[in-house]
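# Sharing a sequence plus its predicted fold:
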Amino acid sequence: MALHPTRSVLSLQGITLGDHQFSGSLGKIDLELPRRGVSLIQVDDEADAATLLDVCLGISNPRVGRVSFLGVDWMTRTPAERMHRRRRVGAVVQTGVWPAHMTILEAVLLPAAYHFDQSREEVIEHATELARLFGLPGLPTTRRETTLKQVLVRAACVRGFLGSPDLILLHDTALEQVPELAEPMAQAISAARDRGAAILWITVSLAAQVTRLVEAEQILRLGEHGLTRARRGR
């Protein structure tokens with residue numbers, strides 16, 4: 001079923017992230033991310049950043065409030081239904097995406113197994129194009145422990161943009177330390193927007209070179225008062 005054009009891809013309505021004793025964010029969070037929308041959120045507290053990512057993915061629930069993806073509240077879905085809906089989300093992260101028993105190639109292609117509208121050959125072709133965009137000669141076939149960190153960062157970008165996700169979430173602090181990925185990331189985001197995807201980038205620094213070429217409608221900071229408008233640093 002097609003998404004109603006006025007409905008947000010991702011909607012956070014009056015949520016709080018966790019126990020105030022452990023969270024740097026005290027205020028409630030409201031955010032609407034429409035199709036083709038790009039939002040940058042600077043989050044000072046790493047625990048809050050990780051929790052926000054999990055809440056957007058429906059992995060964990062907010063203390064209060066509602067999180068909807070494609071118009072459906074995550075909390076109304078069963079674990080199996082949540083897993084099925086996550087096939088429409090791409091995530092550029094490092095944590096938990098490189099299983100020791102898999103090669104990097106296998107881990108990159110794993111989410112694409114849920115995209116039933118593409119053959120394996122088409123997926124590999126798209127993954128190869130993305131690998132070259134992000135500065136890799138091809139898809140790495142090594143395992144995590146024998147793969148350079150800079151290769152893992154680029155491979156995570158391939159994994160996150162692969163397929164045709166409705167929502168792309170970025171939260172990779174290592175990515176922000178690789179300025180030469182700024183232009184490829186801007187190109188990948190532009191192409192994803194053209195396909196109708198929404199992008200949420202949870203960043204440590206709005207001044208990072210890799211975020212500066214990204215055209216965002218919303219530039220925000222998550223702090224003790226919740227989400228507030230922000231400016232990119234110099």
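Alright, I've got the coordinates.
# quick one: contacts of stretch 164-171?
Defining contact as Cβ atoms under 8 Å, 6 or more residues apart in numbering, one finds that stretch 164-171 is touched by 3, 9-10, 33, 35, 49-50, 53, 56-57, 69-70, 88-93, 115, 117, 160-161, 189, 192, 195-203. The way it works is simple: take the backbone N, C-alpha and C, and place the C-beta from them, glycine included.
# Which stretches in the chain count as strands?
Per DSSP state E, the chain carries strands over the ranges 10-16, 29-33, 38-43, 64-69, 72-73, 89-92, 167-170, 198-203, 218-223, 226-229.
# Save the ones you listed as CSV, and put in distance to Pro137 and mean neighbour count too.
Below are these laid out as CSV (distance: least, Cβ to Cβ, whole Å; neighbours: other Cβ atoms under 10 Å):
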stretch, distance to Pro137, mean neighbour count
strand 10-16, 34, 19
strand 29-33, 34, 19
strand 38-43, 29, 22
strand 64-69, 35, 18
strand 72-73, 40, 14
strand 89-92, 20, 22
strand 167-170, 23, 23
strand 198-203, 26, 24
strand 218-223, 35, 19
strand 226-229, 40, 15
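# Thr103 is nearest to which of those?
With Cβ to Cβ as the criterion, Thr103 lies closest to strand 89-92 of the strands of the chain, at 19.0 Å.
# gap between the closest one and the chain center?
How far strand 89-92 lies from its chain's middle: 4 Å, per Cα atoms, centre = their mean, to the nearest Å.
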